[in-house]
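> I would like the atomic coordinates for the input below:
(chains A and B)
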Amino acid sequence: MPRYQPSRIEPKWQAWWDAHGTFATSRLPAAGRRKAYVLDMFPYPSGDGLHVGHPEGYTATDIVVRFERMRGTSVMHPMGFDAFGLPAEEHAIRTGTPPRESTDRNISTFRRQLKMLGFSYDWSREIATTDPEYVRWTQWIFLVLFDTWFDPAERRGRPIADLPIPTEVAARGPAAVGSYRDAHRLAYQSEAPVNWCPALGTVLANEEVVGGVSERGGHPVVRIPLRQWMLRITAYADRLEQDLDGLSWPESIKKLQRDWIGRSTGAELDFFLPAAGDDAAAGHVAWTRRRAETGFPAEASADVLRVYTTRPDTLWGATFMLVAPEHPLVERLTIPERRAAVAAYRETAAQKSDLDRTDLAREKTGEFTGSHAINPLTGQPVPVWVADYVLATYGTGAIMAVPAHDERDFEFAATFGLRIATVVEPADGSAAAVGPFTGRGRAVGSGPYDGLETAACIERVTADLTAAGLGRPAVNYKLRDWLFSRQRFWGEPFPILHEVDAEDRLTGSIEAVADAELPVPLPPLTDFRPGNTPDPPLARAARDWLYVERDGRRYRRETNTMPQWAGSCWYYLRFLDPRNADRFVDPAVEQAWMPVDLYVGGAEHAVLHLLYSRFWHKVLYDRGHVSQPEPFDRLVNQGMILGEMEFTGYRAGGGGWVPADRRGDADAPVRLPAEQVEKRGEHFVLRDMPQVRVESRAYKMSKSRGNVVNPDQVVKDFGADSLRLYEMFMGPLEATKPWSTAGVGGVRGFLDRCWRLVVDERAEEVALAPQVVDDAPNDALLRELHRMVDKVTRDIQSLSFNTAIARMMEFVNVCTPLDRRPRTLLEPFVTVLAPFAPHLAEELWELLGKPAPVSLAPWPTVEERWLRDDTVEIPVQVQGKLRGRIVVPAGADATALQAAAAADPKIAELLAGRTIAKVVAVPGRTVNFVLANPGAGP
RNA sequence: GCCGGAGUGGCGGAAUGGCAGACGCGGCGGACUCAAAAUCCGUUGCCCGCAAGGGCGUGUGGGUUCAAGUCCCACCUCCGGCACCA
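Down below sits the predicted model:
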């Protein structure tokens, strides 16, 4: 009767842990103890509830913290919810339910599901980014950004009050000083083009626009400029890149971040633009002379075209110039005859989103402005074109085109028949291939620079131009400032006030909301629908929310809201001190627990979330609010869990089968049960028609595919411990792996065997199995136990849970046949099982008569002497092929090994009559006889 | 196109350059049972062989090494990401 029943013991122990506060964490780590802050990426509480992907990372971290607690470490392991976001808002628009209601409901579901899985979070620290008290501090941190400017000399953020004000600005009065400061803040406003979709009445993210129309609905999207809040993350680009070096993150993730930041070095150069009608050559000479005196100006004047290049060495090959359609000098550069064509081109470009421009532009397009610029080194005039492959937002928005040594410029030159001049040759003198040579080599056709190797040439040209005031070394980043505002309802309101005059018109002056007035709450709204204009929903709030008076002045609240990233940028700090009403986190608490020692989550956050939170953290660090420059010391990405493996056959219109490798778009896929297919060679085929190849693969879980596995169902069918253990047993944590319900059953079988190891299943009442005895275990069993504990210990530390579980299975396989099972063998086993299957372990621990909870029992110590062998089995090879095995004392040296191997009858036979050329004997590993005359033989 | 990652039995996977396939699923055989389920035990890479034994095997082709799943070169396939950043 008393079978292993997860549905009985799991809720029992969850309630016990809750009632006893087993996993509550103290304010500070215990004195003299190691601390471990182990953090999961908190979930967005979607309406669909928990997905089986969530428990993967959560179980991994749960095992680690349970293990660490048992080893006496002070553990911080919190959980919360990233609860702002679009789905709740869209649900609100569809159903009229306020987002807060549906969000709270979803959080309850998530909390129930997480508790059902027995994770050892300190639930008293739970936070949601939507909690008004949390929003308060998110807004407060925004105000820190607002109050900070980046001092390039010190390479750090400083209070805006410390910003030196140039005298000419100060002379223009407080308003001028105010706007000068506003322009230098880390949080600043700018007119940025956005994807506005009039049909949907909303602004869309770049990813939501495909081919110039909205991803959903296929409505046209236009690019319109809109006032936006930006965060000056680019100021921190260098530090964000350099500080990656010290982090224990996967190299691949670091590389993604480095590529995203995209640091490049090169030079900025000015090309002189002769005024229309002037003598170009004379003008250039005069300009050059002036520059020799004034040097390179910080801002480019209107008589030059400033470009950025990473290859100043190719300057002699710059045969034309390109400017972005949005470049401020386009109007000025365009001669009257070209005006219509250039205007039309700019118009078309403006319609396209960034994605369009890059995605669809196979063919290079552009228009000639009619103007020329003067090459600063050669003095030659080169034509200036407008082309949309030049991005206004990168570098200076203009480039010198070197078609001989750049793919894109080459294509452009080929399309429009522009001159191509070779100025670099491969250093090894190899024949010029078709197309541009983009590699490094030696300069040719470059006057005084001929023969210089590329690196040296870059240096020389840059130095010469710098000396002449025509250029300067420059660094650029792909990283852009962070567009931080959304025209949405369900986000944090900005704590910013815009001054208005008596007619409600903005004066342009802005004020931060005072700390004491935070949080700025979301106004009550009944209608969440977007409007006909890009005005955010908050603009429709009642006037008593929208307009406020301070010190006799009237203000209108900022009506944009923050993006979902905001809340997740700092949640790891709030977890440390979640109920602090005076500060976002107590400094003593922050110093004691930070940094996060292990951070586990999906790779989809490799770039944005991790970059954004590092940025915020550095600002907080610069301003003295946190003690560490980096928040996450060790990062691990768990892999995706795919749906169950699927076999798909294809049927033609007529109904006949089509081999999967020859199918056309018209052939219909048919899902096949596993019994109907079999493997032939490399591929799967239909069992009844082996000539028909069938597709076999696992797909990403999705509602539309109908292959989503629901954790509630798995827990119902197999139990939470089985789900936890299965997800850890599937394979390496980082790998993408397909789900297999049969595999869950297999792991459940293991837990059943664990149960029977201790419990008498045939008894009426729950009772110990009669085999459980007080005997002392024999040496063989002690050896087995200590090796198992040793392997599990090491595997948990390297997050190799699959092999740890395999080792425990082997241990159980050894113990199951025993008629006498010593308690001193079973007890340590239950202890190491506890982090993996905590409910079962608690129950078995109790049955063994030990005081609960096993969750806080000490981790067993491994005795070294049980890990050593007296004798070892060594494979013996002849000519590299395995021919026998010998058993030798564990410490046997090479000579002894060789002697023992040669003495083996079988080996002796093989060696008879052969000349041994060489013997490789590696103690503890192998013996290999290499023969001089392998072919010769009887 | 570029950048990552991965290709090992029927399936998931294991293997500090040193016995490939641990562990689990599935399959096969057996014990228990009137029978079945459950459980326990054995077996299970492929080929030849009655057996002893032998041969072949980690995506493909080369290479380094006494020895390669593991290191190097070239390529193929799949998955993920980025995509005109001058």
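> Quick one, grab the pLDDT at A:V210.
For A:V210, the pLDDT comes out at 60.
> Let me fix that, I meant to ask about A:T438.
Residue-level pLDDT assigned to A:T438 equals 85.
> That one in helix, strand or coil?
The local conformation at A:T438, judged by DSSP: H, G, I helix; E, B strand; the rest coil, is coil.
> Quick check: chain neighbours aside, which residue is closest to it?
Closest residue to A:T438 apart from its sequence neighbours, by C-beta to C-beta, 6 or more residues apart in numbering: A:H405 at 5.7 Å. (Glycine included, C-beta is placed from N, CA and C.)
> quick one: low-confidence parts of chain A?
For chain A, the stretches with pLDDT under 70 are A:1, A:204-217, A:352-362, A:428-434, A:933-938.
> Any figure for the gap between the most centrally placed residue in it and RNA strand B?
Computing the C-alpha centroid of chain A and ranking residues by C-alpha atoms, centre = their mean puts A:A606 first, at 0.9 Å. Going from A:A606 to RNA strand B by C-beta to the nearest atom of the strand, to the nearest Å gives 7 Å.
> Could you measure from that residue over to A:I399?
According to C-beta to C-beta, to the nearest Å, A:A606 stands 30 Å off from A:I399.
> Which stretches in the stretch 701-850 of chain A count as strands?
When assigned using DSSP state E, counting those that start in this stretch, the strands of the stretch 701-850 of chain A occupy the ranges A:737-738, A:772-773, A:821-822.
> Where do the strands of the stretch 251-400 of chain A begin and end?
Along the stretch 251-400 of chain A, the segments classed as strands by DSSP E, counting those that start in this stretch run A:264-272, A:304-309, A:320-323, A:367-374, A:381-386, A:398-401.
> residues from the stretch 451-600 of chain A in reach of RNA strand B?
A:N476, A:K478 (C-beta under 7 Å from any atom of the strand).
> let's see it at 10 Å
Residues of the stretch 451-600 of chain A lying near RNA strand B by C-beta under 10 Å from any atom of the strand: A:A474, A:V475, A:N476, A:Y477, A:K478, A:L479, A:R480.
> May I have the beta-bridge partners of the third one?
What it means is A:N476. With DSSP bridges applied, A:N476 shows beta-bridge pairing to A:S264.
> what's near enough to touch it?
By C-beta atoms under 8 Å, 6 or more residues apart in numbering, the contact set of A:N476 is A:G262, A:R263, A:S264, A:G266, A:Y308, A:Y394, A:G395.
> Just put those in a markdown table and tack on neighbour count and distance to A:F718.
Shown next, in a markdown table, are these (neighbours: other C-beta atoms under 10 Å; distance: C-beta to C-beta, whole Å):
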| residue | neighbour count | distance to A:F718 |
| --- | --- | --- |
| A:G262 | 14 | 47 |
| A:R263 | 16 | 50 |
| A:S264 | 14 | 53 |
| A:G266 | 20 | 59 |
| A:Y308 | 20 | 60 |
| A:Y394 | 16 | 53 |
| A:G395 | 21 | 57 |
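> Out of those residues, which are close to RNA strand B?
Within these, those near RNA strand B by C-beta under 10 Å from any atom of the strand are A:G262, A:R263, A:S264, A:G266, A:Y308, A:Y394, A:G395.
> show me what contacts the residue nearest to the last one when sequence neighbours are not counted?
If the residues on either side of it in the chain are set aside, A:G395 comes closest to A:Y308, at 3.2 Å by C-beta to C-beta, 6+ apart. Each residue near A:Y308 by C-beta under 8 Å, 6+ apart is listed here: A:G266, A:A267, A:E268, A:Y394, A:G395, A:T396, A:I399, A:A474, A:N476.
> Now for the residues you listed: which two are most distant?
Maximum pairwise distance among the contacts of A:Y308 (C-beta to C-beta): 15.0 Å, between A:A267 and A:Y394.
> And for the closest residue to RNA strand B within the stretch 651-800 of chain A, the neighbour number?
Here the stretch 651-800 of chain A gets closest to RNA strand B at one residue, A:G746, 2.5 Å apart by C-beta to the nearest atom of the strand. Using other C-beta atoms under 10 Å, A:G746 has 15 other residues around it.
> go on, the one 3 residues further on?
Applying other C-beta under 10 Å, we find 12 other residues in the vicinity of A:G749.
> mind checking how far it is from A:P817?
A:G749 sits 16 Å away from A:P817, taking C-beta to C-beta as the criterion.
> One more: A:D313?
A:D313 is 76 Å from A:P817, by C-beta to C-beta.
> who has more neighbours, those two?
Remark: of A:D313 and A:P817, A:D313 carries more neighbours, 31 against 8, as counted by other C-beta under 10 Å.
> Not including adjacent chain positions, what is the nearest residue to A:A735?
Leaving aside its sequence neighbours, A:A735 sits nearest to A:G639 (C-beta to C-beta, 6+ apart; 4.5 Å).
> A:G283 is in contact with A:P274, correct?
Yes - counting by C-beta atoms under 8 Å, A:P274 does reach A:G283; the two are 4.6 Å apart.
> Since that was my last question, I'll sign off now.
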